[in-house]
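Student: just to be clear, the model below is a prediction. Sequence and coordinates:
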Amino acid sequence: MSQKSFNDTFLRACHQEPVTYTPVWYMRQAGRYQPEYRAIRQKYSFFEMNEIPEVCAEVTRLPVDQLGVDAAILFADIMTPLKPIGVDVDIRSGIGPVISNPIRHVEDVNRLGKLDPESDVPFIMASIRQLRRELTVPLIGFGGAPFTLASYMIEGGPSKNYHQTKGFMYAQPEAWTRLMDKLGDLTISYLQAQVQAGAHAIQIFDSWVGALNEEDYRTYVAPVMQRIFAELKETTDVPTIYFGIGAGHLLEEWNQLPTDVLGLDWRTSIPEARGRGIHKTLQGNLDPSLLLGPWEKIEAKAKEILDQGQAHPGHIFNLGHGTFPEVKVETLQRLTQFIHQYSRKEG
Ligand code: 1CP
C-alpha cells in the first residue's frame, strides 16, 4: 500500500542527532477541531472509539494524513488504563473525565486493582500493532503521570486548584505514597506494553503537576517519576518525553529525571530553559490560543521559536498545550508547512 519510506526525523530530534528540518506534531492533534473526528464521534462514545482498533487507528492517522505532521500519537486518553483497575470513569463531551467513585480514604486506594495490559486493554495493543504496519512516521504511545491521574481520581473530574488532591497528599501522606506506588506500577507496565506492541516513543503527561511547588514536587512526586523513567530506560530502547503545564518552576527537578525530552508550555521560552542549564531535547511551545490570531502573528512566533530551537541540538516543534475545537484545520496545515519549509531553509 504505502510506498513511502519511514520518516525518522522526530526520533532523531529526540536523540539530539542532526536533522534536515525541525519535526513537528501537535498535542491533541486528533480531536474535535476536525470535521472527520466530529463525524465519527457522533456514532460512538469516546471509549468506544478508543476500544475499536479500526476506529482508533483511523482517528490516530487522520492528523498525519491531513496536516503532514512528523509523528502520530495514539488515540486514547490518560484515563484509559484506569477503567480496568476499578475507576468508574466516563468522558463527557465538553467536560472531560468524570469519575463516579472518587478516592477519599486509604481503603479506596487499597481497592484499586493491578493492570495487566495484554488482557485488560488488548484494544490498545491491537491498535498499536495495526498502526505500526500503516504509518510512515513514528508512533508516540502515552500515559498520564501518577500526580495527574490521581488528581482526577481524587477530585472526581477536572479541577482548577487541586485542593482535594493536595489536601489528600498533605493529610494522608502514607495513603498518597501507596497511591503513587500503585499508579507508578500501572504506568510502567502500561507503557512497557505499548513499546512491546510497537510504539516508537513515549510521552508522559503530567499536565497538572505545576500546581505543586518545587519542594512538594521533590517530596511527593519526584520519587515515583524517577522510578518510572529509570525502569523505562532499563527495559525499553525508546525515547521518553515528560510534559506539564505551568510547570516552568520545576524544570531543574525534571532535568534530573532519566527522560530524554522535556515539554515546555508557552510560559517558559526555549532560551530561558537553555539559560537554566537544560540540555535535553525541548518540545514546544507555541501558545495554542495564538492559533485564533492572524496568520502574520502565528508565523512571526513560529519563526522565533524555530530560531530559538535551532540554537541548540534537539528541538521538536509543538504547541504549549493541546489544540482545541475552535482551531481551524487549515491553520494547522499552513503552520506545519511553514515549519517544515522555514526550518529546512535555515538548517
Ligand atoms: O491526538 C491526541 O492527542 C489524542 C489523544 C489524547 C491525549 C494524548 C486524548 C484524547 N487525550 C490525551 C491526553 C489527556 N487527557 C491529558 C493530557 C494532555 C492535556 O493536558 O491535554 C489530559 C489532562 C486528559 C484528560 C482529558 N480527557 C481532558 C481534560 C480535562 C480537564 O481537566 O481540563 C479532556 C477534555 C479529555 C477528553 C478527551 N481526550 C481526548 C480527546 C480528543 C478528548 C475530547 C473528547 C471528546 O471527543 O469529547
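Tutor: Noted; the coordinates are in hand. Residues are numbered from 1 along each chain as shown.

Student: helices of the stretch 151-300 of the chain, start to end?
Tutor: Listed in chain order, the helices of the stretch 151-300 of the chain (DSSP state H, counting those that start in this stretch) span 163-171, 173-197, 214-216, 222-235, 251-255, 270-275, 295-310.

Student: pull the distance from the shortest one to the chain's centre.
Tutor: I take that to be helix 214-216. Centroid separation between helix 214-216 and its chain, computed with C-alpha atoms, centre = their mean, to the nearest Å, is 23 Å.

Student: mean confidence score for it?
Tutor: For helix 214-216, mean pLDDT rounds to 98.

Student: okay, now the unreliable bits of this structure?
Tutor: Counting by pLDDT under 70, the chain contains low-confidence ranges at 1-3, 345-347.

Student: around the ligand, pick out the residues from it.
Tutor: 27-32, 41, 46, 73, 75-78, 91, 93, 96-97, 142, 158, 205, 207, 322 (C-beta under 6 Å from any ligand atom). Using the backbone N, CA and C atoms, a C-beta is placed for each residue, glycine as well.

Student: from those residues, which would you call buried?
Tutor: Neighbour-count burial (16 or more other C-beta atoms under 10 Å) applied to these gives 27-32, 41, 46, 73, 75-78, 91, 97, 142, 205, 207, 322.

Student: so of the residues you listed, which ones are in strands?
Tutor: In strands, judged by DSSP state E, the following of these are found: 73, 91, 97, 142, 205.

Student: list the contacts of Q16.
Tutor: 281, 313-314 (C-beta atoms under 8 Å, 6 or more residues apart in numbering).

Student: which SSE is it in?
Tutor: Here Q16 is covered by no helix or strand, with elements defined by DSSP states H and E.

Student: so that it lines up with my notes, have the first residue be 6 from now on.
Tutor: Okay, using 6 as the starting number, the last item reads as Q21.

Student: for it, grab phi and psi.
Tutor: Main-chain dihedrals, Q21, degrees, to the nearest 10: phi 60, psi 30.

Student: next one: D82
Tutor: Main-chain dihedrals, D82, degrees, to the nearest 10: phi -130, psi 160.

Student: list the contacts of it.
Tutor: For D82, the contact set (C-beta under 8 Å, 6+ apart) comprises 51, 55, 96, 102.

Student: give me that answer again for 7 Å
Tutor: Residues near D82 by C-beta atoms under 7 Å, 6 or more residues apart in numbering: 51, 55, 96.

Student: so which of the contacts of Q21 are in strands?
Tutor: Filtering the contacts of Q21 for strands - DSSP E - leaves T286.
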